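J.: Okay, here's the prediction I keep looking at, along with the sequence it came from:
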Amino acid sequence: MSESITGEQYALSAGPYQAVVTESGAGLRELSHAGRALVLSHGADEPVPAAFGQLLVPWPNRVDRGRYTYGGAEHRLDLSEPERDCAIHGLVRWASWKVAEHEPDRVRLTHRLLATAGYPFRLDLEAEYSLDAAAGLRVRMTARNPGTRTAPYGHGAHPYLTVGEPIDACTVHLLADRYVPVDDRMIPSGPSEDVTGTRYDLRTGPLLGDRRIDNAFADLNRDGDGRTWVILSCGDRTVRLWADEAHPWMEIYTADDAPAPRAGLGVEPMTCPPNAFASGEGLVHLRPGGEFHGSWGIVAGS
């Protein structure tokens, strides 16, 4: 019996919302509302392009040259982005995740992350996707440390929002006061900077136009529920992504190097900024027996 290269496909449904989550990486392969896509998708039997919908654990974004020091020891990760001499987006986005629960509107997947040469730590990971007819998608990510030593930890997610039009014609709204500048290898080149007067100022919901962005944003403004929002709109269509206070950084990527350039907007809630394993900024120190979790979600409409 044949099987797709992304493994089992877990379909979810609630009211007008439909989603598909994959065994491979516990990734979000599809999300739609009333038959209209909210994220860029790919075929079940196709390799995941440009990290579409993947979970980024135990670090999001990049580690410079794959090297970091932790607990007094030096570590070297495999260079999963050799063209930039970096380790990128963690260790589990291609791994097989086991289903723990699957209901019509909900799936919970787990993964045992064992030690590697570059990451000699143990984590138990969980990703729970749930749909609600009114509130849309909610994703809860959890990490537990069953090991004997404190583990460096961060996570992120990599959906590409879409309203069915090239993003040049869309407005983007993000209440973020600062952005992280990067060098030509996409490693932070200095401390975060004020967005005022730059192309990174998305606070008034400007037309994206020809802005090229692949940066983390910080000093995120939040609503009364502690959520920060990214809103992508074009014509009569709007899609919104929220993230809770476990995610102090939000990466915005205009997908200039994706297979279909600028067809969607990469919006990546992150617990730490790029190169956190090396800089220590925003890094979670997950002690033996400790647990960390964070949630984010996507909803259609204004």
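T.: Arrived safely. Numbering: from 1, shown residues only.

J.: shaky segments in the stretch 1-150 of the chain?
T.: Under the criterion of pLDDT under 70, the regions of the stretch 1-150 of the chain flagged as low confidence span 1.

J.: now the strands for it?
T.: With DSSP state E, counting those that start in this stretch as the criterion, the stretch 1-150 of the chain has strands at 9-14, 17-22, 28-33, 36-37, 54-56, 62-64, 67-70, 73-76, 86-88, 98-103, 106-113, 123-132, 136-144.

J.: okay, those, which one's buried deepest?
T.: Neighbour counts averaged per stretch over those are highest for strand 54-56, at a mean of 26; criterion: mean count of other CB atoms under 10 Å. In short, each C-beta sits where N, CA and C put it, glycine included.

J.: Who are the packing partners of it?
T.: For strand 54-56, the packing partners by 3 or more CB pairs under 8 Å, 6 or more residues apart in numbering; DSSP states H and E come out as strand 156-158.

J.: Quick check: which helices or strands does the helix or strand following the strand it packs on pack against?
T.: Downstream of strand 156-158, the first helix or strand assigned by DSSP states H and E is strand 160-161. Here strand 160-161 touches strand 265-270, going by 3+ CB pairs under 8 Å, 6+ apart.

J.: Return the strand it packs on as CSV; C-alpha atoms alone will do.
T.: Output of strand 265-270 as CSV, limited to C-alpha atoms (Å, rounded to 0.1, in the frame of the first residue of the first chain):
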residue,chain,number,x,y,z
LEU,A,265,3.5,36.2,3.6
GLY,A,266,5.7,34.2,6.0
VAL,A,267,4.6,35.1,9.5
GLU,A,268,6.6,33.3,12.2
PRO,A,269,5.8,33.6,15.9
MET,A,270,9.0,32.9,17.8
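
J.: And the average pLDDT for that strand is what?
T.: For strand 265-270, the mean pLDDT works out to 98.

J.: Now do it against strand 136-144, angle only.
T.: Angle of strand 265-270 versus strand 136-144, following axes from the mean of the first three to the mean of the last three CA atoms, to 10 degrees, is 40 degrees.

J.: what about dumping the CA coordinates of the next helix-or-strand element following strand 265-270 to CSV?
T.: Following strand 265-270 in sequence order, the next helix or strand is helix 276-279 (DSSP H and E). Taking C-alpha atoms only, helix 276-279 is exported to CSV below (Å, rounded to 0.1, in the frame of the first residue of the first chain):
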residue,chain,number,x,y,z
ALA,A,276,19.6,32.9,20.1
PHE,A,277,21.6,29.7,20.8
ALA,A,278,24.8,31.7,20.3
SER,A,279,23.7,35.1,21.8
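
J.: so what's the closest residue to residue 282 other than its chain neighbours up against?
T.: Distances taken as CB to CB, 6 or more residues apart in numbering place residue 272 nearest to residue 282, at 3.4 Å, with adjacent residues excluded. Contact analysis of residue 272 by CB atoms under 8 Å, 6 or more residues apart in numbering lists 59, 60, 154, 248, 249, 281, 282, 283, 284.
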